[in-house]
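Enquirer: just coords:
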């Protein structure tokens, strides 16, 4: 069984790094918009036997089931589990309850990812033990798959080494057969304010004006991105538009 797994943070603490862009209620609406767009893409996939959404919030789980996805409620703990522990919990559920032979994790904020990206990764999973797409800006991970699912741990919570680098070093040490999936669309994620503004522009450029995320940003984003100088394309300034 090949299982696609989508972990989603509780809505009460979703996208906390964007709280200087939107209040909590709008961050919740942004999360729901991104989820609807992702669900619309993955529901059409035939390359995975099951697609599982893992979240504490009933609102997300009900939406998932409305799309024909499997919703599983995350049990919150005190203290909070690390992200690696959440990933491990969901991976173990896929193995024990759904007989997963391989698992692919994707995340909510990869707003440009396409159905073709998922199909590409599914094909790579058939001939590799690890498939990983690096995040564009951070040396993090935007999507990854393991075959079998428990072949190696993840390193999202490593305090010193970016998760992509840490996972690749471990895979090389173990002599695993791996593929790095090099894709701008699959590798672009929304993590900080600058990503949000760039993402809005990219959605327009990729003709994604009909997505829920684009509509949300068009109606609610009151910021604009500008180059700091003609000589520097890597530093930006952000200004209010209205």
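Expert: Here it is on my side, so go on. Everything quoted here is computed from the prediction, not taken from an experiment. Numbering: from 1, shown residues only.
Enquirer: SS state for residue 77?
Expert: Counting by DSSP: H, G, I helix; E, B strand; the rest coil, the backbone at residue 77 sits in coil.
Enquirer: count residues in the vicinity of it, would you?
Expert: Using other CB atoms under 10 Å, residue 77 has 8 other residues around it. All C-beta spots, glycine's among them, are computed from the backbone N, C-alpha and C.
Enquirer: from residue 22, how far out is it?
Expert: 27 Å (CB to CB, to the nearest Å).
Enquirer: for residue 158, same thing?
Expert: Residue 158 is 29 Å from residue 22, by CB to CB.
Enquirer: so for those two, which residue has more residues nearby?
Expert: Neighbours were counted for residue 158 and for residue 22 using other CB under 10 Å; residue 22 has more, 19 against 14.
Enquirer: could you tell me which residues make contact with the more buried one?
Expert: 30, 220 (CB atoms under 8 Å, 6 or more residues apart in numbering).
Enquirer: ok, now the one 4 residues further on?
Expert: Counting by CB under 8 Å, 6+ apart, residue 26 makes contact with residue 220.
Enquirer: what does residue 55 give?
Expert: 7, 8, 9, 10, 61, 64, 71, 73, 74.
Enquirer: please report the confidence value the model assigns to it.
Expert: Listed pLDDT for residue 55 reads 97.
Enquirer: swap in residue 229?
Expert: Residue 229 is given a pLDDT of 65.
Enquirer: after the longest helix along the chain, next one along is what?
Expert: Looking across the chain with DSSP state H, the single longest helix is helix 24-42. The helix or strand immediately downstream of helix 24-42 is strand 50-55, counting by DSSP states H and E.
Enquirer: now that following strand against helix 24-42, angle please.
Expert: Here strand 50-55 runs at an angle of 170 degrees relative to helix 24-42 (axes from the mean of the first three to the mean of the last three CA atoms, to 10 degrees).
Enquirer: which of the contacts of residue 55 fall within strands?
Expert: Among the contacts of residue 55, DSSP state E puts 7, 71, 73 in strands.
Enquirer: kindly supply the ChimeraX command isolating those of the residues you listed that are buried.
Expert: If you want just the buried ones from these in ChimeraX, going by 16 or more other CB atoms under 10 Å, the selection is:
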select :7,71
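Enquirer: save the ones in strands among the contacts of residue 55 as CSV, and put in distance to residue 146 and pLDDT too.
Expert: As requested, the ones in strands among the contacts of residue 55 are exported to CSV (distance: CB to CB, whole Å; pLDDT from 0 to 100):
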residue, distance to residue 146, pLDDT
7, 14, 97
71, 22, 98
73, 24, 97
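Enquirer: please name the nearest non-neighbouring residue to residue 93.
Expert: Closest residue to residue 93 apart from its sequence neighbours, by CB to CB, 6 or more residues apart in numbering: residue 72 at 6.3 Å.
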